[in-house]
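In: fold the stuff below for me.
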Amino acid sequence: MRAGNTALGESWDGGPGQAQNHFMLGAIDSWFTSRVAGIAQTPGSVGYAELLIDPAVEGDMTSASASYRTPYGVARTAWQRDADRFRLRVDVPVGSTAEVHVPTSVGPAQAPPGAGLVHPTGTEAVYHVGSGRWTFRSTLSHD
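Out: Model prediction:
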């Protein structure tokens, strides 16, 4: 509680004359949810009516999972990479839709019935889905 602070200040020392109501590195959990686990909303979406599921499958990471409470309910993702196999599970709350990005590098992604393929690229397949529980699979090359 340096300088009488009871929360993170704007800077490390929290000295006089500095704002005491701004986060300083205090919201990194948002990065884990929105980037690593991939739960965000599409540009133009209001109140998470259209989710953007786009997990960062990078480096040596082999799995990530997160949930986020939206006005429509809880959105969840869980992804796992095992050698060259990739699996992404997504829960989309009732009343929401989602744009789901599935990383792939070898062949097409496998999507459940009802998932609409928006467009494939060389590195991912993008799907549009409604509410429910969805599981996608793909093959990734070894780097």
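In: going forward, measure contacts between C-alpha atoms and count neighbours the same way
Out: Noted.
In: show me how far stretch 109-123 is from its chain's centre.
Out: Between the centre of stretch 109-123 and the centre of its host chain there is 18 Å, according to C-alpha atoms, centre = their mean, to the nearest Å.
In: show me what counts as buried in it.
Out: Of the residues in stretch 109-123, A109, Q110, A111, A115, P120 count as buried by neighbour count, 16 or more other C-alpha atoms under 10 Å.
In: this protein: helices as residue ranges?
Out: 28-31 (DSSP state H).
In: where does this protein have low pLDDT?
Out: In the predicted model, the chain carries pLDDT under 70 at residues 1-27, 142-143.
In: the spatially most central residue of it: what's it in contact with?
Out: Centroid check for the chain by C-alpha atoms, centre = their mean gives G38 as the closest residue, at 1.2 Å. By C-alpha atoms under 8 Å, 6 or more residues apart in numbering, the contact list for G38 reads L52, I53, D54, P55, A56, T77.
In: ok, and the closest non-adjacent residue to it?
Out: With C-alpha to C-alpha, 6 or more residues apart in numbering as the criterion, G38 has its nearest non-adjacent residue at 3.7 Å, and that residue is P55.
In: I'd like the distance between the one you found and R35.
Out: Distance of P55 to R35, given as C-alpha to C-alpha, to the nearest Å: 6 Å.
In: neighbour count: those two, which is higher?
Out: P55 (25 against 16; other C-alpha atoms under 10 Å).
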